[in-house]
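Novice: Structure for this input, please:
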Amino acid sequence: MELGLRSWLASGTRLGPYEILALIGSGGMGEVYRARDERLKREVAVKILPASFSADPGRLRRFEKEAQAASALNHPNIMSVYDVGSQDGAPYIVSELLEGHTLRQRMAGERLPLRKAIDYAAQIARGLAAAHVKGIVHRDLKPENVFVTNDEQVKILDFGIASWRPIDAAGGSKRSRDKIPSPSRGSSWGPRPTCHGAGERQPVDVRSDIFSFDRSSTRCCRAGTRSSGARRWRPWRRS
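Specialist: Numbering: from 1, shown residues only. I've put the predicted structure just below:
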């Protein structure tokens, strides 16, 4: 079947050894399906970049970067990538299948116990630290890119705009250590590259993720805060 000619794949469609079971979701970087790996007899997630998008060098480069960055990391708090491939001109990434909710969805539900929020933050920090040790900066840490599984394990997703940068002894990029990145306009978390002079854009370093992590931790700790008239609700209940 020509993957670029339809917006979704029917159950039973095969991508090499993978059998499509159901659509999980779709977005600007393609569609994600639940699939079965017939070789290892396990269910996986398959992210497909439509063939029509693969003609766009920018989209294709981001898709390839996501696969390369995630596959270079092996950590329990980072989603594992198992395989990459291409069929009918449409590249795809095969990763572990996660059951649960994004951090954004989790924060929108009932108020989080303090200990749980701290645990989430600690897991995000461990995942980021593992990436930084490899010289990988996520650059797009936000609630939608953090997943909480049904057994409360946190996974960092979507390394599509990640960058590799040598880390010096001070823990920052050798090329941009003189200024702290500031948050981007129109984004609740993601920092933008620092600017030094008109038209000059300096690449972000690990401080970009640290800034976003600080914002994420604060948001998570305040999740569920409510107020009603003069009565103020405490953002946390002790567990």
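
Novice: can you pull the pLDDT of Arg62?
Specialist: pLDDT recorded at Arg62 is 79.

Novice: Just the element for it, please.
Specialist: When secondary structure is defined using DSSP states H and E, the element that contains Arg62 is helix 57-71.

Novice: quick one: buried residues of that helix?
Specialist: Along helix 57-71, these residues count as buried under the neighbour rule (16 or more other Cβ atoms under 10 Å): 59, 62-63, 65-67, 69-71. In this view, the C-beta of every residue, glycine as well, is placed from N, C-alpha and C.

Novice: try stretch 98-118
Specialist: Within stretch 98-118, the residues that qualify as buried by neighbour count (16+ other Cβ under 10 Å) are 98, 100, 102-103, 106-107, 111-112, 116-117.

Novice: Work out the sheet partners of the helix or strand just after the helix holding Arg62 and label each with its direction, please.
Specialist: Tracing the chain past helix 57-71, the next element assigned as helix or strand by DSSP H and E is strand 81-87. The strands beside strand 81-87 in its sheet (DSSP bridges) come out as strand 90-96 (antiparallel).

Novice: Other residues contacting the strand it pairs with?
Specialist: Outside of strand 90-96, the residues that reach it under the criterion Cβ atoms under 8 Å, 6 or more residues apart in numbering are 3-4, 15, 18, 35, 37, 44-51, 54, 60, 63-64, 66-67, 70, 79-86.

Novice: what packs against the helix or strand that comes right after it?
Specialist: Beyond strand 90-96 on the C-terminal side, the first helix or strand identified by DSSP H and E is strand 100-102. Applying 3 or more Cβ pairs under 8 Å, 6 or more residues apart in numbering; DSSP states H and E, one finds that strand 100-102 makes contact with strand 146-149.

Novice: name the helices or strands packed onto the strand it packs on?
Specialist: Counting contacts by 3+ Cβ pairs under 8 Å, 6+ apart, the secondary-structure elements packed against strand 146-149 are strand 100-102, helix 103-108, strand 154-156.

Novice: Fine by me, thanks again.
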